[in-house]
Each structure stands twice: as structure tokens, then as C-alpha cells.
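1. just coords:
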């Protein structure tokens, strides 16, 4: 046989498209032609595949070789097509049998010695393949932990080209030692580590209950970063479906962690304030990768020193904050990534960092303070539900040997409050208070009459925008769920309004 076909998959974002890798070996001058819109990494596959075959004791045809990746209109990228091209060449030369190839997809990058390297994006590729009726997949052994999460899909992990040949000729699956899972342990970061900060901890709890975005303002060294790092420790575990989606994003980003998938731990991303807009929301030229807002999907995105971010970086988050997803358009197409995260911003109150509302110790002028805080744009701040000023802990709090409330105790309250909202939203497409549609807030989920009258009064005085009106009402529902109230009343609405207004310097 001089013509062979092997199936693989091309990944665009989290969506996969089946690709037929066809190889034709014909008489003529020796040469190698690759068709099907390959990128630079794929064009280099010829030399990798040839060296891998020869160093594994397999023949390389001294004829004209034509490799076609179909559909031809679909852009192909990455080194994951090395292995399917090599298998198709072996099939065309009769080295392996055809019987075992028709219902299997093949992925993997080849080293020059014939060993098979792990690649990015295997988990979403397998999910897409299973959705298109594929029942078996040959993947690099280094990606085997990703395949464990998928039920009903038979995987063949391979680490060398010789194992591939042996499998197709004998049907014998190579032995694979699954990595031992670590025993579940308590998180290293616990809320009890933070001294004092009762109001800030309360704001953190409300943020976890309703999925509300949070801004922490305070002098350096008061615990803003410690609080943000411990927010994931009071969040409930992810659902099985969401945990798989998060793992798929991390697989594409190259940060997959099997332990996090097993424990369904909410992710935590903390990009530096010097990061670019592309690194924040995702992008790229040849291959579009997810950014920090997508790797934080289902968890927390923390940005410290937020006013120091370059112009436009934080404002790029405005669209995913509203929609819960990010669309990245390039000349080669548009890629969609999920980006439903809980945003936590931290900022100093002024350039010197010592302003506390009373002016003691601060050397900044009012103009400098105003200009510094104006680096956070109004449209972005309008999407923040809670603004909390983090004061320095007192001497008595620092001297006390008693630990504060643990993350486990707070998480139990968060889970209990979320169960109330989930029961209230049963049958709906959302389960968090922060996701209640505006139309439903005006019809079914209104506050008690005194609370609504208070909000309407603030609207009349132009102290609230339409978005702010809805944000306060959603936050009031979270306060009611925490306190066990059936419906938000005037106290809950007023507290939600104060939390949204935050520090006076804003």
C-alpha cells in the first residue's frame, strides 16, 4: 500500500476538529510535500519524523512523499501532528496493519530518538473527539493523567515509537504506571493566619457567597494580599462539569494539574501589575492561548497594585466581567475561552500608601491622591460590588496569641448560604446572586418595600447608576442569605450600599 490515512484532531480554543492525515508515497525524485495550511512548527515535522523513524529502526521512503491534512481550509498548528504523520508513513509502507487504525485518533510530538513528548490541549481535544463519536485515542504517556478524567474513552498512552508499532501489530497496550495521587490535605493558606481585619474578612465571605467582585484598599503591609490568597480556601469545591472545563483551559495553557482536578479546587491566578493586555485576556499570532482571566475561570483573579497596571489592561477585563467569556479575534479566526472569575483588586490609598482618611503620616496632596485613584476607570469600578478599606491591625490584635476563624468554618457558612440561593434559583440557568438577570431583579427578586424605596431615592439623587442599582440589590440578597433573612430588607440594602460605596477617597 502506498496510500494511508490516520485520524487526528486540530484544536482551536477548546473546540476540536477531526483531521484526516493522508500520506501518499509515489515514484519520482525523493521529496516531502506538506499540504493543509500548516504553521511553522508543523512544517518542521518532516525532519523530526524522519529522524524519529530512522532512529527507531523504521524505514524512511526514498521516494516522493505527499502529506495532506484535511480539511484543507482549516488552519493546522503545533507539533501534535508528528505522531499521526509517522503512523501514516508506517502504514503506507506496510510496517503496521490497517485494522486497528480506522477508529482511533493519534496525537503526539516526536523527539529525534523516537520518544514521544507530551503536548498541550490533550484534554479538550479528547473531549471534542468523544463528542464526535471517537472511542479510542493514542496519546503521549505524559498526557495520560488528563485522559483519566474522561469516562468512556479508551486511551493508549505511548512513550516511544516502538510501542506504537507494537500496539498496531499486536494490539498490546503498553504498560503505564499512573502517577500516585497525593493524599488530600488541608490547605496551607488559611484565613486564621490573617490578624484582625474583621470587616475585610466579612467582605471576603460575602464575595464568596454571591460571587461578587471585590476591591481592597489599604496601606502596605496590612494584609490585602494575604486576604486575597485565602479567598479560594473559603470557596466551595467546583462541580464535576466545571472542574473538567477548568482543567481543559489549563491543558491548553500548559498548566494542567491532576491534583486540582481530583480535588476540584477553584483556581487562583495573580498576574503581576506589569502584565500586558494580551497576557491578561489571551491572544497570540500563530496559536491563540488563554490569558490570566481564563486560567482563573471558576476561581479568583487577583491583581495587586491595580493602579500601577498599564493603561487599558484592567479595562480589557470589562467585557469578560459582564459576559463570563472572552472572544479573541485574529486574521486566522476567532477563538472563545470561558472567563467566569471572581475579580479581586488591591490598591494603596495614595502614592505614598499611608493615607488612612485622617491624613496622618501621608505626604500626598489631595490632587495626587485623586489622580492616583483615577487610574482605576469609572466603568471598571462600577463593576465592583464591594469596596473594603483594610486598616492596619491594632497593637492588641498583633499581641494576641488567639487565632482567628479558620477557613473551614467560614466555608461552611458560605456553602450553607449558597445552598439557600441554589434552592431559590432551582430550574434557572444561574445559581449565584451576582448572576441574577436585571429583568428578574425588577420582577421576582425585589427587596422589601423600604429597601426598594431607599434604592430609588439614591437613583433620584444620581448617586447610583442603573448598573449600581442592580449590583446593590444582588449584594443585598447575599447578605440576606448569610444572615438567614427570607428577603432583603432595609438593613440589608443599606449595608450593601455602604459596602459598594466603600472608602470615601473613591
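-> Arrived safely. Quantities reported herein were computed from a predicted structural model and do not represent experimental measurements.
2. and this structure, what are its domains?
-> Domain assignment for the chain by automatic domain parsing gives 3-170, 191-394+402-415, 436-506.
3. could I get the full set of helices for the stretch 1-150 of the chain?
-> With DSSP state H, counting those that start in this stretch, the ranges of helices along the stretch 1-150 of the chain come out as 40-43, 45-55, 82-92, 122-131, 144-147.
4. the second one versus helix 82-92: what angle between them?
-> Helix 45-55 and helix 82-92 meet at an angle of 60 degrees, taking axes from the mean of the first three to the mean of the last three CA atoms, to 10 degrees as the criterion.
5. straight-line length of stretch 288-299, end to end?
-> Counting by CA to CA, to the nearest Å, you get 22 Å between the two ends of stretch 288-299.
6. of the domains of the chain, which is nearest residue 421?
-> domain 436-506 (5.5 Å; CB to CB). Heads up, the C-betas are built off the backbone N, CA and C, glycines and all.
7. now the closest one: average pLDDT?
-> Here domain 436-506 scores 89 as its mean pLDDT.
8. where are the low-confidence patches of the stretch 151-300 of the chain?
-> When residues are selected by pLDDT under 70, those of the stretch 151-300 of the chain lie in 175-188.
9. let's see that with 90 instead.
-> Along the stretch 151-300 of the chain, the parts satisfying pLDDT under 90 run over 151-152, 168-190, 192-198, 218-223, 258-260, 262-263, 283-288.
10. which parts of it are strands?
-> Ranges of strands in the stretch 151-300 of the chain, per DSSP state E, counting those that start in this stretch, are 154-158, 214-217, 268-269, 282-283, 289-290, 300-303.
11. same list (those) but as CSV, adding distance to residue 345.
-> Listed next are those as CSV, based on distance: least, CB to CB, whole Å:
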stretch, distance to residue 345
strand 154-158, 42
strand 214-217, 5
strand 268-269, 13
strand 282-283, 20
strand 289-290, 21
strand 300-303, 5
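12. residue 322: which of the ones you listed is closest?
-> That would be strand 300-303 among the strands of the stretch 151-300 of the chain, by CB to CB, at 14.5 Å.
13. just checking, what packs against that closest one?
-> Under the contact definition 3 or more CB pairs under 8 Å, 6 or more residues apart in numbering; DSSP states H and E, strand 300-303 sits against helix 224-229, strand 268-269, strand 342-347.
14. mean neighbour count for the ones you listed - can I get that in TSV?
-> Converted to TSV, the helices and strands packed on strand 300-303 look like this (neighbours: other CB atoms under 10 Å):
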stretch	mean neighbour count
helix 224-229	21
strand 268-269	22
strand 342-347	25
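15. what would the ones you listed look like in TSV with distance to residue 279?
-> Output for the helices and strands packed on strand 300-303, formatted as TSV (distance: least, CB to CB, whole Å):
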stretch	distance to residue 279
helix 224-229	19
strand 268-269	11
strand 342-347	16
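16. out of those, nearest to residue 20?
-> strand 268-269 (37.2 Å).
17. run me through the strand neighbours of the closest one, direction for each.
-> strand 300-303 (parallel) (DSSP bridges).
18. per-residue confidence averaged over the next helix or strand after the strand it pairs with?
-> Using DSSP states H and E, the helix or strand that follows strand 300-303 in sequence is helix 318-323. Model confidence over helix 318-323, given as mean pLDDT, is 91.
19. other residues contacting helix 318-323?
-> Residues outside helix 318-323 that contact it (CB atoms under 8 Å, 6 or more residues apart in numbering) are 213, 281, 293, 326, 339-341, 343, 379-380, 383.
20. tell me where the stretch 401-506 of the chain has helices.
-> 407-424, 438-443, 449-460, 466-483, 490-501.
21. can I get those in JSON lines with mean neighbour count?
-> Shown next, in JSON lines, are the helices of the stretch 401-506 of the chain (neighbours: other CB under 10 Å):
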{"stretch": "helix 407-424", "mean neighbour count": "17"}
{"stretch": "helix 438-443", "mean neighbour count": "12"}
{"stretch": "helix 449-460", "mean neighbour count": "15"}
{"stretch": "helix 466-483", "mean neighbour count": "22"}
{"stretch": "helix 490-501", "mean neighbour count": "20"}
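22. output those in TSV, with distance to residue 8 appended to each entry.
-> Shown next, in TSV, are the helices of the stretch 401-506 of the chain (distance: least, CB to CB, whole Å):
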stretch	distance to residue 8
helix 407-424	41
helix 438-443	45
helix 449-460	56
helix 466-483	46
helix 490-501	51
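23. looking at the ones you listed, which is closest to residue 317?
-> Nearest to residue 317 among these is helix 466-483; the distance by CB to CB comes to 15.1 Å.
24. the strand ranked longest in the chain pairs with which strands?
-> Assignment by DSSP state E gives strand 15-26 as the longest strand of the chain. Using DSSP bridges, strand 15-26 pairs in its sheet with strand 3-12 (antiparallel), strand 64-70 (antiparallel).
25. quick check: which of the ones you listed is buried the most?
-> strand 3-12 (a mean of 22; mean count of other CB atoms under 10 Å).
26. show me what contacts the residue nearest the centre of the chain?
-> What sits nearest the mean C-alpha location of the chain, by CA atoms, centre = their mean, is residue 295, with 2.5 Å. Residues in contact with residue 295 (CB under 8 Å, 6+ apart) are 249-250, 253, 255, 267, 269.
27. neighbour-wise, which one of those leads?
-> residue 249 (26 neighbours; other CB atoms under 10 Å).
28. ok now do residue 56, which residues does it touch?
-> 113-114, 160-162, 165.
29. now with 10 Å?
-> Applying CB atoms under 10 Å, 6 or more residues apart in numbering to residue 56 gives the contacts 86, 90, 110, 113-115, 160-165.
30. of these, just the buried ones, PyMOL syntax please.
-> The PyMOL selection below is limited to those of these classed as buried (16 or more other CB atoms under 10 Å):
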select buried, resi 86+90+110+114+115+160+161+163+164+165
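31. I figured residue 485 hits residue 493, correct?
-> No: with contact defined as CB atoms under 10 Å, residue 485 does not count as touching residue 493 (11.1 Å).
32. can you work out which residues contact both of these two?
-> What both residue 485 and residue 493 touch, as defined by CB under 10 Å, 6+ apart, is the set 448, 476-477, 479.
33. which single one of these is nearest to residue 132?
-> The shortest approach to residue 132 among the shared contacts of residue 485 and residue 493 belongs to residue 477, at 41.2 Å (CB to CB).
34. wait, the closest one sits on residue 440?
-> No: using CB under 10 Å, residue 477 is not in contact with residue 440, being 11.0 Å away.
35. residue 241: neighbour count?
-> Neighbourhood size, residue 241 [other CB under 10 Å]: 8.
36. and residue 74, by the same measure?
-> 15.
37. any idea how far residue 102 is from it?
-> 21 Å (CB to CB, to the nearest Å).
38. I'd assumed residue 77 was in contact with residue 119.
-> No: using CB under 10 Å, residue 119 is not in contact with residue 77, being 11.2 Å away.
39. of these two, who's got more company?
-> Neighbours were counted for residue 119 and for residue 77 using other CB under 10 Å; residue 119 has more, 23 against 20.
40. separation between that one and residue 42?
-> Taking CB to CB, one finds residue 119 at 12 Å from residue 42.
41. residue 215 too?
-> 45 Å.
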